[in-house]
Each structure stands twice: as structure tokens, then as C-alpha cells.
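Asker: okay, structure incoming, though there's no sequence with it:
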């Protein structure tokens, strides 16, 4: 009974790192996409000087309509990698704790 309980507990504690990466990727991509579109719609003389600094890390990104799509893709990739790595790290700790 105790071994079965431990196996069930470890199965419940594990995180699907691909799902976590997918969700975090969608959220990160949408945040960059919506923030860029917000600044484009808002307009003004100088549009989004702080957000345009993302071009230093995301080649091809700019605070434009096309840049919002580029930011969405880069944000998804970055968020997916961060979520996947976090899930992998967490599952490693759960595995070590279960041993």
C-alpha cells in the first residue's frame, strides 16, 4: 500500500513540461503582441521607445503591425523554452525527492 501511495504521489506531482511550455509560450507571445498593437494604435510622435528595445534581442522586431507578429513568434518561442525548462527542472526535483 505504501509503495502504491508513493507511486501515485509522484505521478500527481509531475508536471507535463510540454504543456507548461505551450501555455507559457502562448501567454508570453500574446503579451508582446498586444503590447505592441496597443502602442501602434495609440500612436504619437515617438511610438514605444522602451518596447522597441526588444529589437536588441529579437532580430526583425519593431513597434509596428508586422513587428507585433514577429514579437508573437519570438515570445512564444522564448516562453515555450522557459516553461519547458522549468517543468523539466521541477520534474527532476520531484524525481530526486521520490528516490
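Answerer: The structure has been received and is ready for your questions. Bear in mind that the values here come from a model prediction, so they are computed numbers and not experimental data.
Asker: helix, strand, or coil at the residue nearest the centre of the chain?
Answerer: The centroid of the chain falls nearest to residue 79 when counting by C-alpha atoms, centre = their mean (1.8 Å). Put simply, residue 79 is helix when judged by DSSP: H, G, I helix; E, B strand; the rest coil.
Asker: got it, and residue 45?
Answerer: When the rule is three-state DSSP, residue 45 gets the label coil.
Asker: picking up where we left off before, without its sequence neighbours, what residue ends up closest to the residue nearest to the centre of the chain?
Answerer: Of all residues not flanking residue 79 in the chain, residue 28 sits nearest, at 3.1 Å (C-beta to C-beta, 6 or more residues apart in numbering). C-beta: built from backbone N, CA, C; applies to glycine.
Asker: now that neighbour: which helix or strand?
Answerer: Under the criterion of DSSP states H and E, residue 28 resides in helix 17-42.
Asker: chain center to that helix, what's the gap?
Answerer: 8 Å (C-alpha atoms, centre = their mean, to the nearest Å).
Asker: can you offset everything so residue one is 53?
Answerer: With 53 as the first residue, the last one maps to helix 69-94.
Asker: quick one: average pLDDT of that helix?
Answerer: For helix 69-94, mean pLDDT rounds to 96.
Asker: next one: stretch 134-143
Answerer: For stretch 134-143, the mean pLDDT works out to 94.
Asker: helix or strand for the closest residue to residue 65 other than its chain neighbours, just tell me which one.
Answerer: In space, and not counting its chain neighbours, residue 65 is closest to residue 146: 4.7 Å by C-beta to C-beta, 6+ apart. Using DSSP H and E, residue 146 maps to helix 117-150.
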